[in-house]
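**Student:** All I have is the shape, not the residue letters:
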């Protein structure tokens, strides 16, 4: 029960009364218990001093805490007190705050309410009425128990108290009819009367019947007075109340109960008389009454006239408190928005400077702007709400909602104060008869809103000053982006094939042109930036992040600051597009330049120039077409115009525009590189064991004789062919092979592969076999093989290729015995021409068409030349040689493919070479000559070229793709899917796809290709793990420190306990034992003089001496062992403590008096002998205890060898001391000395270990 122990005198001044009233109300908010699970409540109400608190505790609480105490002995008068000593018979009730008591059996909550007629003053009148209203407002359903003293409901006594209760009850309950089944009357302090002063106690029903008679009599009187009375309304309500009290259940009154006075001392729970009363009252509450759902109109609340007189002053104080709380809230709001303004202006300052722009937090600006915008909006709303609000509680709810929406500090204390003050105000308005005063709460919020508007004007001025800087900055960012895009495009153009540049430049230019046209319709910089991103994605370049981030940040900041601007902050400028229009001009200029280079390259590729290219490879343009001045050509900015004048007669395109173009270092480098490729590329001759390779861009047959072998410059092509070791010559041209001279190679196979063949004049390639007759009967060599592939043939009809077999020698006559047959037609085994294979590749449309004519002559017999010689031997006769053939023609294609791949690094050549390679490998005839081995060899050849470079050669992708196409065709032709060839093709396909993926950088999604970035990510992860490790290490360290601290604390506690309690007790016991031993010795000596008379006593003393010495040694041993265990660990400390406690108890019992039986006293000699033997036995016992102690310490050393290994040496030394002296010769003093030494060593070890522990901690 919440109580107030002191109260002010009735004459306290009004100011003090007002403050104390509000203080009492405030305390009630904290002390009154309201719980959501207790919405159905039982109210215990009545006048002050009727025992409501005692009744509530008794009926619902723990009545074992209530005790009946006799006031005066032998009077039979008892009062009830709780265990705290609070009596029930007090003049002024202490109940101020409604007290919640929950019946543990039924879980029904009871509220012990303050008295209706509180005997104190105005502040309690107001406070208690408010508290009761607070409880009722909180509840959903109620039952009401009215409490009254027994003397006020007896016939013949003053009825004013009962009538006062009726008055207050009728004023409290407005809807009596609704609550008629929910209230009852309990009469307390009922005297225990006996019939005729005998021993027969008046029954409860008899007392209740007497109370009912009283109620009936009052009702009759009220019914008689109701007509014409000014208090008719009260009388009618009172009559209803009494009638419902008198409701009967059979023969018993259902709504009347009694609470007797105790008839004996003791807890109320053990007094049968009261238990019976309690049972009857619970039946009334739980069975007869029902919970009634309540509404606000069911109850009313009144206070005294005196209390009403100070309501106005209390309301003024409430208004003052609310004003102070609101003042604090609005003051903090002003500070909050002032801080927001400072942050916004700080961010605006950062935006205005390029160097600090990235430090500006656009998200922060947006958040601050939103807060200010939301603050203005919410303040406007709250001002409107506050203007019309009347209830202070509603005011608090509006302000709370405003604070929540604005996401400002909680202001819980202030809001709670306003809410409470509002509740007080609403309550006072209920009990007051006049409308209470209020204030203009919106005034405080208007000041805050006005300050925000002032701030908004300053921000507008800052933003206006910021505008020109932002426009300039945005323009510089777009200019930076355009320049970066130009640099990226220049880089892409450099690595493009010369023939591919034209299309790419058109694509780049059209994309930028689309950007400029679309950009004219954008509404802000971010939209234009998005268009730039779309274009860069299309042409596969990147937007510079820094410039883009600057634009985005500026745009976001402006959007966030728009709230403070009356005009639109977002702008669009036509100047944004100028850098990109300049980029278009640059791309157009690039297009003109590369058209010029392409035309120039084709010009210098013509035969007339290639035939005499020494005329053009001059270092001085003044010597143009002067072969004698041949050198390396070099174009510079100085001689560029002279160079253009020199080539003006060669019909080079874009020449007039090129004269005025900007000549950069990159362009001069590209021009010289192109000229070197066209004019300075050498034709190279190489040789292997059986083949000669002639390679170059442009190869002239007439120039063969000038070529020397790269191994031996002395050997020319002619000399190499005469060596006889070579079987084939390979002529691989990347651009054109000029057949400007007849080629006769009877001993060599000729393979020519070139995209373009140009026949100069009428030319013949002769690969006939030898035709001169030799010895009789011998054959000649057959014709060689010609293998040629080309895409474009110029004057092809002027080329004749012959491959004829050799002529035979003369035949022979018979063997001399028989005449041979005529030698006119000697039959030999001849070879027929089987087939000629043509691989056709579509030529260019500009070439003049010509038909390839094939002439094949086959001879089954050799024509007769002359007669045979007679009589020759047929020995050594030779048949004609088989015709030559190419068993694996794919090897030739693979060799050319390898050479072509090596030359793809030159961008000027790449496009034409890859085009020729694609047409070559798309040809069905070429595809048909490949088998699985050929495909594998081709892959290996390309891999060697790929592996020879440290860079990713993405230009090899078309070759790999062509290989995939051939593999696919061969796989379709494979009948058995499980064939070994099919498995090989699958593996090969997988390997090629992997290479393509790597070259395209598609592996980035799954593989680590950017090692640096990957390592940075790993570094970040490692640092994060390091932080987590440090945090965990810190936690472990803290746990370790806490554990060590806890262990040390416990050890210290055990040690202190031992030092302060155990050891002093042991020392005292030891001193007492020593004293007793000394006394026993004295008495023993005395007994020796009077042995016969003191036999029994001597035996007793001897027994005491024996027991005392033995127990002393045992205790001493336990003490040392406990000391050892104590400093080992906290658990050991507890064990040691337990050992010493047990030892102390045993020691206390060691010298207790014991009864001994009387025996016959022996003579003095036997007594001395007995004493001597006993002394020896005691010494032996001490020695045994010493050994036991040593074993115990040794055991502990073995358990903790690292910590206690020093003690092992001490034990060994003691064992040596014992062994040096016979144990039987040891005296008690020596044993004691050894034990002291052990103890000192253990103490030292303990101190050492503790020091180490402190250092490690």
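**Tutor:** Arrived safely. As the structure is a prediction and not an experimental result, all values here were calculated from the model.
**Student:** Go through stretch 758-771 and flag the buried ones.
**Tutor:** Judged by neighbour count (16 or more other C-beta atoms under 10 Å), stretch 758-771 contains these buried residues: 758, 759, 760, 763, 765, 766, 767, 768, 769, 770. C-beta coordinates here come from the backbone N, C-alpha and C atoms, glycine included.
**Student:** from the residues you listed, which is closest to residue 786?
**Tutor:** Residue 786 lies nearest to residue 767 out of the buried residues of stretch 758-771, by C-beta to C-beta, at 5.6 Å.
**Student:** ok, that closest one - contacts?
**Tutor:** 745, 746, 748, 749, 750, 783, 784, 785, 786, 801, 802, 803 (C-beta atoms under 8 Å, 6 or more residues apart in numbering).
**Student:** Take those residues and keep only those in strands.
**Tutor:** 749, 750, 786, 801, 802 (DSSP state E).
**Student:** Output the longest helix belonging to the protein.
**Tutor:** Scanning the chain for the helix with the most residues, using DSSP state H, yields helix 442-494.
**Student:** Give me the below-cutoff pLDDT ranges for the stretch 851-1000 of the chain.
**Tutor:** 851-884, 946-953, 977-978 (pLDDT under 70).
**Student:** how about the strands in it?
**Tutor:** Applying DSSP state E, counting those that start in this stretch to the stretch 851-1000 of the chain gives no strands.
**Student:** Which parts of it are helices?
**Tutor:** 890-902, 907-922, 924-928, 932-947, 957-973, 980-999 (DSSP state H, counting those that start in this stretch).
**Student:** nearest to residue 413, of those?
**Tutor:** Of all the helices of the stretch 851-1000 of the chain, helix 980-999 comes closest under C-beta to C-beta, at 67.3 Å.
**Student:** Pull out the buried residues from that closest one.
**Tutor:** For helix 980-999, by 16+ other C-beta under 10 Å, it's 982, 985, 988, 989, 992, 995, 996, 999.
**Student:** got a list of what the fifth one touches?
**Tutor:** Meaning residue 992. Taking C-beta under 8 Å, 6+ apart, one finds 939, 960, 963, 964, 967 in contact with residue 992.
**Student:** Next, residue 189: phi, psi?
**Tutor:** Backbone torsions of residue 189, given as degrees, to the nearest 10, read phi 60, psi 40.
**Student:** do the same with the one 4 residues further on
**Tutor:** Comment: the main-chain dihedrals of residue 193 come out as phi -90, psi 150, following degrees, to the nearest 10.
**Student:** what about it, distance to residue 759?
**Tutor:** 154 Å (C-beta to C-beta, to the nearest Å).
**Student:** repeat for residue 744
**Tutor:** 16 Å.
**Student:** Repeat that for residue 1239.
**Tutor:** 122 Å.
**Student:** Phi first, then psi, for residue 46.
**Tutor:** Dihedral angles (degrees, to the nearest 10) for residue 46: phi 160, psi -180.
**Student:** where does the closest residue to it other than its chain neighbours fall, helix, sheet strand or coil?
**Tutor:** Take residue 46 and drop its neighbours on the chain: the residue closest to it by C-beta to C-beta, 6 or more residues apart in numbering is residue 147, 3.5 Å away. Look at residue 147: counting by DSSP: H, G, I helix; E, B strand; the rest coil, its state is strand.
**Student:** got the contact list for residue 147?
**Tutor:** Applying C-beta under 8 Å, 6+ apart, the residues near residue 147 are 44, 45, 46, 47, 50, 51, 52, 55, 186, 188.
**Student:** Distance check, it against residue 56.
**Tutor:** Taken as C-beta to C-beta, the span from residue 147 to residue 56 is 9 Å.
**Student:** Return every residue with contacts to both of those two.
**Tutor:** Joint contacts of residue 147 and residue 56 (C-beta under 8 Å, 6+ apart) are residue 44.
**Student:** before we move on, the earlier item: give the buried subset of the contacts of residue 992 as a ChimeraX selection command.
**Tutor:** Buried subset of the contacts of residue 992, written as a ChimeraX selection, criterion 16+ other C-beta under 10 Å:
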select :939,960,963,967
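**Student:** part of a strand, is residue 177?
**Tutor:** No: counting by three-state DSSP, residue 177 falls outside a strand, being coil.
**Student:** Look up phi and psi at it.
**Tutor:** phi -60, psi -40.
**Student:** residues touching the nearest residue to it once chain neighbours are set aside, list them.
**Tutor:** Excluding the flanking residues, the one nearest residue 177 by C-beta to C-beta, 6+ apart is residue 240, at 7.3 Å. Contacts for residue 240 (C-beta under 8 Å, 6+ apart) come out as 176, 177, 180.
**Student:** Tell me the confidence at the first one?
**Tutor:** Turning to residue 176, the model gives it a pLDDT of 88.
**Student:** Isn't it up against residue 242?
**Tutor:** No: using C-beta atoms under 8 Å, residue 176 is not in contact with residue 242, being 10.8 Å away.
**Student:** Out of the two, name the residue with the larger neighbour count.
**Tutor:** Ranked by neighbour count (other C-beta atoms under 10 Å), residue 176 and residue 242 place residue 242 first, with 22 against 19.
**Student:** Near residue 315, how many other residues are there?
**Tutor:** When neighbours are counted by other C-beta under 10 Å, residue 315 comes out with 21.
**Student:** separation between residue 389 and residue 317?
**Tutor:** Distance of residue 389 to residue 317, given as C-beta to C-beta: 19 Å.
**Student:** Quick check: which ranges of the stretch 51-200 of the chain have low pLDDT?
**Tutor:** Flagging of the stretch 51-200 of the chain using pLDDT under 70 yields the residue ranges 84-95, 117-120, 197-198.
**Student:** Can you show me the strands along it?
**Tutor:** 66-70, 78-82, 99-102, 109-112, 141-149, 183-190.
**Student:** So which of these is nearest residue 1198?
**Tutor:** Of all the strands of the stretch 51-200 of the chain, the one in closest proximity to residue 1198, counting by C-beta to C-beta, is strand 99-102 (61.9 Å).
**Student:** for that closest one, packing partners?
**Tutor:** Packing contacts for strand 99-102, counted by 3 or more C-beta pairs under 8 Å, 6 or more residues apart in numbering; DSSP states H and E, involve helix 52-60, strand 109-112.
**Student:** Using CSV, please lay out the ones you listed together with distance to residue 909.
**Tutor:** Shown next, in CSV, are those (distance: least, C-beta to C-beta, whole Å):
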stretch, distance to residue 909
helix 52-60, 106
strand 109-112, 99
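**Student:** And those: which comes nearest residue 73?
**Tutor:** helix 52-60 (22.7 Å).
**Student:** could you say what helices and strands that closest one packs with?
**Tutor:** So helix 52-60, by 3+ C-beta pairs under 8 Å, 6+ apart, packs with strand 40-46, strand 66-70, strand 78-82, strand 99-102, strand 109-112, strand 141-149, strand 183-190, helix 272-283.
**Student:** List the buried residues of it.
**Tutor:** 52, 53, 54, 55, 56, 57, 58, 59, 60.
**Student:** what sits against the fifth one?
**Tutor:** Applying C-beta under 8 Å, 6+ apart to residue 56 gives the contacts 44, 99, 101, 110, 112.
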